[in-house]
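Novice: A structural model of the following input is requested.
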Amino acid sequence: MNPGGPDLLRLTSSCGAYRTRVTRVAPRPSHLTSRLSPLRSEPTDRPCVPSSSLTVPPRPRRVPKSPMELATHDLAALGAGDLIRVSATIPRAAPRTFALLTACLVFPLSFAVLAHSLFTHPILLRLKASAYTAGAAQWVALFAYQFLYLIFLFTFSLLSTAAAVFTVASLYAAKPASIASSLSALPTILPRLLRTFLWVSLLMFAYHLVFVLTLLLLITAYAPDPARSTPMALSFLFFALVFIFGFLTIHVYISALWHLASVISVLEPICGLAAMSKSRQLLQGRTRTAAVLVVSYFAACGVTSGLFHSAVVKGRGEEGSLGLSLPGKILVGAVMVSVLVIVNLLGLLVQSVFYYACKAYHNQQIDRTALYQHLGGYLGEYVPLKSNIQMENL
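Specialist: From the prediction side, this is the model:
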């Protein structure tokens, strides 16, 4: 065939079977033909692979940057690791707000958790040296420090929870988030959180009372008689281990129930027993994920507190002390406080995202417009007309 002639024949081939198609096109000038001739395809010896045998590799699973990007099915499918990763990206949406929230609320809470032992540890050493027969002043000082610590701990815990949940909900509802609005909403949110906290505390007290009474009953029934010098029965050890494991399991479940009920008390028009009942419903099917999150949080806090106690609180001559100098103690103490600040902030964010994940798991879609108005009601901006912010069982 002559490419410059009046008729140009193009041959097109496909893999496996060769087909010829004749197409009539206008004659091409010779100067264009000379320029395009190097572009003609040359035969190759490479085998032609049928398109049916081409396999497209699966796309890697992508975790969205923030919970605001998540669809309902994405939220429902998040595991414990994905929840932590998604929660860690939330401060990027409002870095200044979360930085101020951390400095005002989370940092004092974390510092108090670690530093309170600096005051109580010397008192405990003096009591131990005197075989716990010291004067009443030492005991009064110990109980005073513990009482003030618990008041400070619970107060800042409730404040941090309220501010973090309110801020994350504002971002989720596309409402402007600021530290001023979060702090302004605290006086309205705190009574609701306090009511839920009191009911959970009552449940915890009753549960620990039952645990202590049951443990005493087991000791009375299975403990060996000291007069006979008989070894401890294996049945007693077995029942004791099973009982302690059951106690820890229920303790983790109640902790998860409490954290989720706290979020419900802020984001829904219910609190107290009603919030705990709703929390129990949302945990159905997500109990294992909640247990992993709670145990991970407790483990991180326990390891951080243990290292701080060994490196900073204990002196060089004490058992279990790392024997650091004063500059080393200051450096390690600052690192441990920073780690606990990150752990507490991440824990507050995770419990908020876990609430949305549980709602999505039970097909309870959140009405963002109603949530916007509900949050505005805390600030006096709106009087919410809707009594419920979710559309359940869609």
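Novice: C-alpha only now, for contacts and for neighbours.
Specialist: Noted.
Novice: helices or strands up against the host helix or strand of residue 331?
Specialist: Following DSSP states H and E, one finds residue 331 within helix 326-361. Under the contact criterion of 3 or more Cα pairs under 8 Å, 6 or more residues apart in numbering; DSSP states H and E, helix 326-361 touches helix 72-76, helix 80-88, helix 107-115, helix 136-172, helix 234-267, helix 273-283, helix 287-308.
Novice: try it again at 10 Å.
Specialist: Using 3 or more Cα pairs under 10 Å, 6 or more residues apart in numbering; DSSP states H and E as the contact test, the elements touching helix 326-361 are helix 72-76, helix 80-88, helix 107-115, helix 136-172, helix 234-267, helix 273-283, helix 287-308, strand 365-366.
Novice: quick check: angle from it to helix 287-308?
Specialist: Counting by axes from the mean of the first three to the mean of the last three Cα atoms, to 10 degrees, helix 326-361 lies at 170 degrees to helix 287-308.
Novice: now do the buried residues in helix 326-361.
Specialist: Within helix 326-361, the residues that count as buried by 16 or more other Cα atoms under 10 Å are 329, 332-333, 336-337, 340-361.
Novice: so what's the gap between that helix and the chain middle?
Specialist: 9 Å (Cα atoms, centre = their mean, to the nearest Å).
Novice: now stretch 151-163
Specialist: Chain-centre distance of stretch 151-163: 17 Å, with Cα atoms, centre = their mean.
Novice: if we can go back for a sec, ok, which of the helices and strands packed on helix 326-361 comes nearest residue 379?
Specialist: helix 136-172 (11.1 Å; Cα to Cα).
Novice: enumerate every residue touching the spatially closest residue to residue 340 that is not a sequence neighbour.
Specialist: Nearest residue to residue 340, sequence neighbours excluded (Cα to Cα, 6 or more residues apart in numbering): residue 110, at 5.9 Å. When contacts are counted by Cα atoms under 10 Å, 6 or more residues apart in numbering, residue 110 touches 102, 153, 156-157, 301, 336-345.
Novice: for residue 110, give me the pLDDT.
Specialist: pLDDT recorded at residue 110 is 95.
Novice: and the gap between it and residue 337?
Specialist: According to Cα to Cα, to the nearest Å, residue 110 and residue 337 sit 6 Å apart.
Novice: how about low-confidence regions in the chain?
Specialist: Scanning the chain for pLDDT under 70 picks out the ranges 1-73, 131-135, 223-233, 381-394.
Novice: switch to 80 and redo it
Specialist: Residue ranges of the chain with pLDDT under 80: 1-76, 129-137, 218-219, 221-237, 239-240, 315, 317, 320, 367, 379-394.
Novice: find the nearest non-adjacent residue to the residue most central in space within the chain, please.
Specialist: In the chain, the residue lying closest to the centroid (Cα atoms, centre = their mean) is residue 350, at 2.3 Å. Nearest non-adjacent residue to residue 350, counting by Cα to Cα, 6+ apart: residue 87, 5.5 Å away.
Novice: got the contact list for the one you found?
Specialist: Residue 87 makes contacts with 65-67, 81, 168, 345-354, as judged by Cα under 10 Å, 6+ apart.
Novice: any idea how far it is from residue 345?
Specialist: According to Cα to Cα, residue 87 stands 10 Å off from residue 345.
Novice: run the chain-centre distance for the longest helix seen in the chain.
Specialist: Assignment by DSSP state H gives helix 179-222 as the longest helix of the chain. With Cα atoms, centre = their mean as the basis, helix 179-222 stands 20 Å off its chain's centre.
Novice: stretch 353-363 too?
Specialist: For stretch 353-363, the distance to the chain centre is 13 Å (Cα atoms, centre = their mean).
Novice: need the three-state assignment for residue 380.
Specialist: Using DSSP: H, G, I helix; E, B strand; the rest coil, the structure places residue 380 in coil.
Novice: and it, how many neighbours?
Specialist: Per other Cα atoms under 10 Å, the neighbour tally for residue 380 reads 13.
Novice: and residue 377, by the same measure?
Specialist: Residue 377, neighbours per other Cα under 10 Å, totals 15.
Novice: ok, now residue 162?
Specialist: Neighbours around residue 162, by other Cα under 10 Å: 27.
Novice: residue 114 versus that one, what's the distance?
Specialist: For residue 162, the distance to residue 114 equals 22 Å [Cα to Cα].
Novice: coming back round to it: any common contacting residues for residue 110 and residue 337?
Specialist: Both residue 110 and residue 337 are contacted by residue 343, under the criterion Cα under 10 Å, 6+ apart.
Novice: measure the nearest residue to residue 76 once chain neighbours are set aside to residue 296 for me?
Specialist: Beyond its immediate neighbours in the sequence, the residue positioned closest to residue 76 (Cα to Cα, 6+ apart) is residue 361, lying 4.4 Å away. As judged by Cα to Cα, residue 361 and residue 296 stand 22 Å apart.
Novice: dump the residue contacts of the nearest residue to residue 260 once chain neighbours are set aside.
Specialist: What sits nearest to residue 260 in space, not counting adjacent residues and going by Cα to Cα, 6+ apart, is residue 279, at 5.8 Å. By Cα under 10 Å, 6+ apart, the contact list for residue 279 reads 256-265, 273, 355, 358.
Novice: how about these, which pair is most distant?
Specialist: Across those, the longest distance by Cα to Cα is 18.8 Å; it joins 273 and 358.
Novice: quick revisit: ok, the residue nearest to the centre of the chain - contacts?
Specialist: The contact partners of residue 350, by Cα under 10 Å, 6+ apart, come to 80, 83, 84, 85, 86, 87, 88, 90, 165, 293, 344.
Novice: mind putting those residues into TSV with distance to residue 123?
Specialist: Listed next are the contacts of residue 350 as TSV, based on distance: Cα to Cα, whole Å:
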residue	distance to residue 123
80	41
83	42
84	39
85	42
86	43
87	40
88	39
90	42
165	38
293	35
344	28
